[in-house]
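Undergrad: no sequence for this one, just the structure:
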């Protein structure tokens with residue numbers, strides 16, 4: 001069954017797996033773009049990395065995914081604890097500028113929760129997150145509130161050549177391969193998120209990974225060289 005927008009309508013929650021009334025859920029938390037809309041008209045830049053194209057939207061991405069209880073669980077445990085982190089990010093940063101930020105231990109779980117939702121979306125802009133058995137492991141991570149050690153997460157900021165942090169851009173999921181490892185990318189609120197999805201070690205990732213339980217550094221990169229964005233912005 002599909003709604004008037006052509007989106008699949010579910011009767012079973014993707015998280016608790018129970019037949020429940022299903023809410024039309026956001027894929028990326030609303031606060032990651034609610035403050036970035038232009039005022040007239042409201043719009044944000046959306047980058048579809050898989051198609052190497054961009055455009056604008058006047059609302060976020062939503063699908064029927066979670067029951068009200070599970071929506072509340074995601075909100076309380078993964079989304080709310082990260083709000084202050086995102087809202088404290090600078091509006092301007094130079095290429096390779098380093099900004100030290102306070103601990104945000106819930107951030108890895110927030111990113112896994114976004115990947116988990118994206119994996120269940122019908123829209124092709126999220127198809128890269130459909131990663132087979134890993135989706136079930138992500139669910140276990142979210143249930144246990146603990147990241148499996150096979151998932152190494154890197155974050156960095158994205159800045160324009162003029163030094164403006166690109167908080168008004170959302171980049172949908174893209175999958176890359178590095179030395180035989182699957183790497184999942186997406187971006188929102190001026191941040192690029194990179195998840196190594198593999199059962200084997202990738203030493204260069206481990207060396208760069210942050211411990212989000214402690215104060216950590218964010219390096220801001222010019223959008224023309226940022227992973228998964230360079231194809232779109234390198235000639236701009």
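TA: Alright, I've got the coordinates. Quick caveat: nothing in here was measured; it's all calculated off a predicted structure.

Undergrad: between the two ends of stretch 205-222, what distance do you get?
TA: 20 Å (CA to CA, to the nearest Å).

Undergrad: can you give me the mean pLDDT across it?
TA: For stretch 205-222, mean pLDDT rounds to 88.

Undergrad: list the buried residues of it.
TA: In terms of neighbour count (16 or more other CB atoms under 10 Å), stretch 205-222 has its buried residues at 205, 209, 210, 212, 216, 218, 220, 221, 222. All C-beta atoms are positioned from the backbone trio N, CA, C, and that covers glycine.

Undergrad: would JSON lines of the residues you listed with distance to residue 119 and secondary structure be doable?
TA: Below are the buried residues of stretch 205-222 laid out as JSON lines (distance: CB to CB, whole Å; DSSP: H, G, I helix; E, B strand; the rest coil):
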{"residue": "205", "distance to residue 119": "21", "secondary structure": "helix"}
{"residue": "209", "distance to residue 119": "22", "secondary structure": "coil"}
{"residue": "210", "distance to residue 119": "24", "secondary structure": "coil"}
{"residue": "212", "distance to residue 119": "22", "secondary structure": "coil"}
{"residue": "216", "distance to residue 119": "27", "secondary structure": "strand"}
{"residue": "218", "distance to residue 119": "26", "secondary structure": "strand"}
{"residue": "220", "distance to residue 119": "29", "secondary structure": "strand"}
{"residue": "221", "distance to residue 119": "26", "secondary structure": "strand"}
{"residue": "222", "distance to residue 119": "30", "secondary structure": "strand"}
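
Undergrad: find the pair from these with maximum spatial separation.
TA: Greatest spacing in those, by CB to CB: 212 and 222 (24.2 Å).

Undergrad: that older thread, same list, the buried residues of stretch 205-222, but as TSV with distance to residue 169 please.
TA: Below are these laid out as TSV (distance: CB to CB, whole Å):
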residue	distance to residue 169
205	24
209	24
210	22
212	23
216	22
218	16
220	14
221	13
222	14
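
Undergrad: burial count for residue 124?
TA: 11 (other CB atoms under 10 Å).

Undergrad: please enumerate the strands of this structure.
TA: In the chain, the segments counted as strands under DSSP state E are 23-26, 44-48, 53-57, 62-66, 98-101, 151-159, 169-178, 181-188, 191-197, 216-222.

Undergrad: among these, which is nearest residue 143?
TA: Going by CB to CB, the one of the strands of the chain nearest residue 143 is strand 62-66, 13.4 Å.

Undergrad: which one among the buried residues of stretch 205-222 gets closest to residue 117?
TA: Scanning these for proximity to residue 117, where the rule is CB to CB, the winner is residue 212, at 20.1 Å.

Undergrad: so where is this structure shaky, pLDDT-wise?
TA: Applying pLDDT under 70 to the chain flags residues 1-9, 34-60, 199-200, 202-204, 226-236.

Undergrad: where along it do the helices fall?
TA: Assigned by DSSP state H, the chain shows helices spanning 68-74, 83-87, 107-119, 133-144, 203-208, 230-233.
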